[in-house]
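Peer 1: Model the following, please.
(chains A and B)
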Amino acid sequence: MTVAVPPFERFYEAHKTEVHAFLRRRAGRQRADDLFQETFLRALRAYDRLEHGEHLRAWVLTIAGRLVIDAARADRPTSELVHDPSHVDERPAFEELAPHTDGLPPKERAAVVLRYGYDLDYDEIGAALGSNEQAARQAASAGVRRLRKEKS
Amino acid sequence: MTPVSPSLDERFRTSAAAAGLLDAAFDVLEDTPVGSLLVGVTDRGLARISFDADPERHLDDLARLYGPRVLRSTKPVDRVRRELDEYFEGKRHAFDLELDLRVAPEFYRRVLDELAHVEYGHTTTYGALAAKAGHPQAARAVGTVMNRNPVPIVLPCHRVVGANGSLTGYGGGLDRKEWLLRLEGAIL
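Peer 2: Model prediction:
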């Protein structure tokens, strides 16, 4: 049984407080408001294409997390990126990561993407997945183990 | 967690509508002379006015009819709000609003089209409206259409009364029907 996509109003009301708190922690008070608006506009743009209403919390926090990273990248002067390789973000972007994780069970996939794609802490991932830090850590490492096994 | 500030909340709701991303927008008009009203609009026009102003009672229905991107937003409803305010103050006798009746069945639409021609301060009967819609025997069915009128007040089902002149019934309750007819001077 799949969960139906709720009307956007209900989705927005259910997650707006948490998304804003998340953005304030990750991007600071000043940036949070702009990123908040952008997060939910992006969610709205994709919303009528969602096939089910599962993991919507993880989904919207993923969008928010990605915007935080994009904003941080945009802040950094280009010259620094060129001259100081230590500033280059080595983590794979979502587009690169996603195809490899397609075969993972949903929870493991979400944990891997949120951890390595979006640099969320395990407690945040736990919150996003409706479980806890410990479970998120286990899901992410199980996902990585599975990916290694599939690769070899 | 600190709640999202009302201004930020409002800002998002306004941008969402301005970006054309909503399947339906709604707002609640608090404390009109006939009580609180829920108003729903789409990009095609006014789709819903309800005397049951609790949004929870409408969200699923609006999403099913128009699409899941349903959001409370003040701006898209401004024009309807203004025209209703003018009407309640007795300053407006006809509405100049686009309607979105796409979900109404064919017979409903024909009856509602005829209903739109019943003028301010006048009344007609269920039977007369049925005849105009091409089904003289369908007075009872017309009563059902009035009862399910998606946009009461704007489509004036309060101007439709029984053959003997009694008010008969109203989706929003007879008190409201009487109030609207008094406002228009149709009854004393």
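Peer 1: And the strands in chain B, which stretches?
Peer 2: For chain B, the strands identified by DSSP state E occupy B:24-32, B:35-42, B:45-50, B:70-72, B:124-125, B:160-161, in order along the chain.
Peer 1: Partner strands of the fourth one, with direction?
Peer 2: Read that as strand B:70-72. strand B:24-32 (parallel) (DSSP bridges).
Peer 1: coming back round to it: for the strands of chain B, give me CSV that also has mean pLDDT.
Peer 2: Converted to CSV, these look like this (pLDDT from 0 to 100):
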stretch, mean pLDDT
strand B:24-32, 97
strand B:35-42, 98
strand B:45-50, 98
strand B:70-72, 98
strand B:124-125, 96
strand B:160-161, 96
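Peer 1: Tell me which of those strands is the most buried.
Peer 2: The highest average neighbour count among those, using mean count of other CB atoms under 10 Å in any protein chain shown, belongs to strand B:70-72 at a mean of 27. Quick note: C-beta positions are derived from backbone N, CA and C, even for glycine.
Peer 1: between the strands of chain B, which gets nearest to B:R109?
Peer 2: Within the strands of chain B, the stretch nearest B:R109 is strand B:45-50; the backing value is 13.3 Å (CB to CB).
Peer 1: so which of the strands of chain B gets nearest B:S5?
Peer 2: When the strands of chain B are compared (using CB to CB), the closest one is strand B:70-72, at 16.1 Å.
Peer 1: Could you find the closest non-adjacent residue to the residue nearest in space to the middle of chain B?
Peer 2: Among the residues of chain B, B:V151 comes closest to the average C-alpha position under CA atoms, centre = their mean, at 2.1 Å. Residue nearest to B:V151 in three dimensions, not counting chain neighbours: B:I49, with 4.8 Å by CB to CB, 6 or more residues apart in numbering or on different chains.
Peer 1: Pretty sure the one you found sits against B:P156.
Peer 2: No. Here B:I49 lies out of contact with B:P156, judged by CB atoms under 8 Å, at a distance of 11.5 Å.
Peer 1: Can you give me the neighbour number for the residue nearest to A:L67 when sequence neighbours are not counted?
Peer 2: Across the structure, with CB to CB, 6+ apart as the measure, the residue nearest A:L67 apart from its sequence neighbours is A:L35 (5.1 Å). Around A:L35 there are 23 other residues, counting by other CB atoms under 10 Å in any protein chain shown.
Peer 1: gap between A:L35 and A:L114?
Peer 2: 17 Å (CB to CB, to the nearest Å).
Peer 1: before we move on, what about B:V154?
Peer 2: For B:V154, the distance to A:L114 under the criterion CB to CB works out to 48 Å.
Peer 1: The two - which one has more neighbours?
Peer 2: For B:V154 versus A:L114, the count of surrounding residues by other CB under 10 Å is larger for A:L114: 26 against 20.
Peer 1: What separation is there between B:N164 and B:G121?
Peer 2: Between B:N164 and B:G121 the distance, using CB to CB, works out to 20 Å.
Peer 1: residue contacts, B:V118?
Peer 2: For B:V118, the residues meeting the contact criterion (CB atoms under 8 Å, 6 or more residues apart in numbering or on different chains) are B:T124, B:L129, B:P156, B:R159, B:V160.
Peer 1: How about it: what's its closest non-neighbour residue?
Peer 2: The shortest distance from B:V118 to any residue that is not its chain neighbour, by CB to CB, 6+ apart, is 4.7 Å, and that residue is B:R159.
Peer 1: Now do A:A27: how many residues are near it, please.
Peer 2: Based on other CB under 10 Å, the number of other residues close to A:A27 is 22.
Peer 1: Please identify the helix or strand for it.
Peer 2: Taking DSSP states H and E as the definition, A:A27 sits inside helix A:8-47.
Peer 1: Could you identify the helix or strand that succeeds that helix?
Peer 2: Assigned by DSSP H and E, the successor of helix A:8-47 is helix A:56-75.
Peer 1: count of neighbours near the closest residue to B:A17 other than its chain neighbours?
Peer 2: The spatial neighbour of B:A17 that comes closest, neighbours along the chain excluded (CB to CB, 6+ apart), is B:S73 at 4.4 Å. Using other CB under 10 Å, B:S73 has 23 other residues around it.
Peer 1: List the residues that contact B:V160.
Peer 2: B:L115, B:V118, B:T123, B:T124, B:T125, B:Y126, B:L129, B:V142, B:M146.
Peer 1: Give me the subset of those residues that lies in helices.
Peer 2: Within the contacts of B:V160, residues falling in helices by DSSP state H are B:L115, B:Y126, B:L129, B:V142, B:M146.
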